[in-house]
Structures are given as C-alpha cells and as structure tokens.
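> Kindly generate the corresponding structure for this input.
(chains A, B, C and D)
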2 protein chains.
Amino acid sequence: MRLSKRGEYGLRAMIALAEPAPKGDAPQMMQIKEIALREGISAKFLEQILLALKNAGLLHSKMGVGGGYYLAKPSSEITLGQIFRVLDGPVAPVKCVSQMSYEPCGCPDEATCGLRLVMGDVRNAIANILDHTSLADVIKRQNSVRKNPGM
Amino acid sequence: MRLSKRGEYGLRAMIALAEPAPKGDAPQMMQIKEIALREGISAKFLEQILLALKNAGLLHSKMGVGGGYYLAKPSSEITLGQIFRVLDGPVAPVKCVSQMSYEPCGCPDEATCGLRLVMGDVRNAIANILDHTSLADVIKRQNSVRKNPGM
DNA sequence: ATAAAGTCTATAATCTTGGTAGTCTTTATG
DNA sequence: CATAAAGACTACCAAGATTATAGACTTTAT
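Just a heads-up that it's a prediction; the model follows:
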C-alpha cells in the first residue's frame, strides 16, 4: 500500500504551489528548480512529474525566461485524489473494486467474494479521504498545526 | 495503492482455510494443491506464501502423507491486517506514518508536513478496516451476501 | 542574439513481482 | 523398512516497474 516517489514528489510540489504567493494576489508561480531545491528532489525527475500533471490539466506553465508552473485552478478545486490518480493510477487495491478503472479479477463470483467486499471498503475509505481533501485543505491544516503545535 | 498477487493469494487462501470444515468440528485442513486448484493459483507460488504465513505464526501445518495447512488460531482471532503485513509489509503509504515500522521521511519538519498529515489519515483508515476485520468476519459477510443477494 | 526556462524522448540502473525448479525432511502406511 | 505423499527450504530467473539521468528541441523576455 505504498505511495511511489513519483506520487510523493508530485503531491509535495502541488502543495508547495498551493501556498499563497508571498506578495500579490496572482496564483503562486514557481520554477522546477525552485521546487526541486526546496523539496530536495532531482530537478529532472520532478520535471517529468510536473509535465504529467500539466498534461492532465492540473497545472499550467509559462515557457521562456521568467517562466514557471502554477495551479490550473484554485487550490480549493484540486483534490489530492486527482493528483494521485495522475501519478500513481487507481486508488483501489484490486482492479475489481475500482470505480474509475474497473477490471474483473479472477474470483468465480464477484458478488460474494469476501476479499472483494473488504477491499471495496478499503478503496472507499482511501478515496473518501483523497477525493475530499483539496490542496487548500492541506494548507489550512498545515497552518493550524503550526499555530497550535500540540494538536 | 495496490495489493500484490502475493497478498491477494495469501488472503484468499486464509479465507478458504477459515471456512468451516465440511464434517466434524476439527479446524479445516487443506493441502497446498487443493487451495491452489480451487483459487486457480500456481501451487509452487502459493507454497512460498503459506510458508511465510506459517513462519509468522498464523498457520500450522502437518507434514507427510495426509498433511496440510490449517489456521493456527480460531478464525475470529486472525485479522486481515496481520496477514497483509506478513505478505505485503506495512499498511502505511509512507514510512513516516507507519505505526508498526516507522522511518523518517525527507520533510524538514514532520509535525507540520501537510502530506504526512493526510497520509496519516489514510494509513489509519486502512488499518482500522484491516485490523478490525477477522477471517470470521469475512466468512460471516460472505454468507450474509449469499443469503441476501440485493444487499 | 542570447540565455533562461519549459517540452519531449530515450536510456540506464536498480528493485520488485510473480513466478519455476530442485533438493531435503517428515510422516503414514503397506 | 520401503515408498510415496506431503510440506520446508533455497536458489534462481524473466519481465516489468521505479527512479532516475541525459540531451536535444522550443518558446520567450530582454
């Protein structure tokens, strides 16, 4: 049940881009290098990840001098589930319980397969969290922990 | 977030072994071949899986003619979480939120890392299901679905 | 014109997955 | 006690995924 480095780096980068821009009200724009340095990641690897997120419509970019990446939508409209699926594929532990990309698994009768029933619960539990947590929610939560360390 | 074949086959086998023995009150005993045939799995691959579960104390076996595998404990005392961890390792998506096998991840401050906070929720959601579902629960659920198909 | 930045494709080095194969040990039983 | 059935154990392997690295190309500000 592991999150790949690809997924991890992508989520970290998106969270970084969701932080409010230091000055001005324009959406936060950052360069690959900037994010890579800040998160301690290979810039070339991150490049591929951001490109995938861009092609999926979650990021926009500006080329050329002074360019960079920025969120394609307000941070409240981008969920971790969307990001995760682009980078790591379906959330479901087994294909036969996937909502977004179902495929039958081997069992003779899916309706009464005990494993499938439980894995369906697992997939729902994960999806509920990831699909109902936006980047804005993450930022909010980070800030509230920073203000109130004990909790 | 995928369940490996190793994990899948192991869970299926354990569920099969948790089914009440056809006759008598002794714990259900089955041979590798028997389970492999029933689940459509390579017997040699299943062998390794069952061996791991045995070495982890979840299964007992009887060698020699008429031997086989059987649950080491009543099916109500073996959880899917125990089985999963033996075969697929920690439940947590990132090591830094693992309860059973913690390791620090890269972030500068773990306490305020947004990704870590969310992944902690995910790990708890998964663990809550797997650690509170016993093999007996799975059998019960299978039977109730069989009796009452619509739900 | 130039340099800074993203785009795109290919390749490489591990690691993981999903097995297969073979030998050894134990045990029931004829 | 010979034999065959069964698990125990170890080694190995092919294919694919993962985690990058490299380099050539395109766009754009100045």
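> give me the low-pLDDT residue ranges for chain A?
Within chain A, the stretches with pLDDT under 70 are A:24.
> give me the residue from it nearest DNA strand D.
Going by CB to the nearest atom of the strand, DNA strand D is nearest to residue A:64 of chain A, at 2.3 Å. From N, CA and C alone the C-beta is placed, and that goes for glycine too.
> Count residues in the vicinity of that residue, would you?
The tally of other residues near residue A:64 (other CB atoms under 10 Å in any protein chain shown) stands at 5.
> just residue A:146 next, same as before
As a burial measure, residue A:146 scores 11 neighbours (other CB under 10 Å).
> Any buried residues in the helix or strand where it lies, and which?
Per DSSP states H and E: residue A:146 is located in helix A:135-147. Neighbour counts over helix A:135-147 (16 or more other CB atoms under 10 Å in any protein chain shown) mark A:135, A:136, A:137, A:138, A:139, A:141, A:142, A:145 as buried.
> again, but for stretch A:40-50
Neighbour-count burial for stretch A:40-50 [16+ other CB under 10 Å]: A:41, A:46, A:49, A:50.
> For DNA strand C, see how far away the residue nearest to the spatial centre of chain A is.
Among the residues of chain A, residue A:83 comes closest to the average C-alpha position under CA atoms, centre = their mean, at 3.0 Å. Taking CB to the nearest atom of the strand, to the nearest Å as the measure, residue A:83 falls 16 Å from DNA strand C.
> Confirm that that residue sits in a helix.
Yes - Residue A:83: assigned to a helix according to DSSP: H, G, I helix; E, B strand; the rest coil.
> Please enumerate the strands of chain A.
Counting by DSSP state E, chain A has strands at residues A:59-62, A:68-71.
> what residues does chain A put near DNA strand D?
Neighbours of DNA strand D within chain A, by CB under 7 Å from any atom of the strand: A:4-6, A:42, A:44-45, A:47-48, A:62-67, A:88.
> Also within reach of DNA strand C: list those from the residues you listed.
Residues of those in contact with DNA strand C (CB under 7 Å from any atom of the strand): A:47, A:48, A:62, A:63, A:64, A:65, A:66, A:67.
> Identify the residue nearest residue A:67 in space, chain neighbours excluded?
Excluding the flanking residues, the one nearest residue A:67 by CB to CB, 6 or more residues apart in numbering or on different chains is residue A:61, at 6.7 Å.
> Which helix runs longest in chain A?
helix A:114-131 (DSSP state H).
> where's the residue of chain A closest to DNA strand D relative to residue A:31, distance?
The gap separating residue A:64 from residue A:31 is 12 Å, by CB to CB, to the nearest Å.
> next one: residue A:6
Taken as CB to CB, the span from residue A:6 to residue A:31 is 20 Å.
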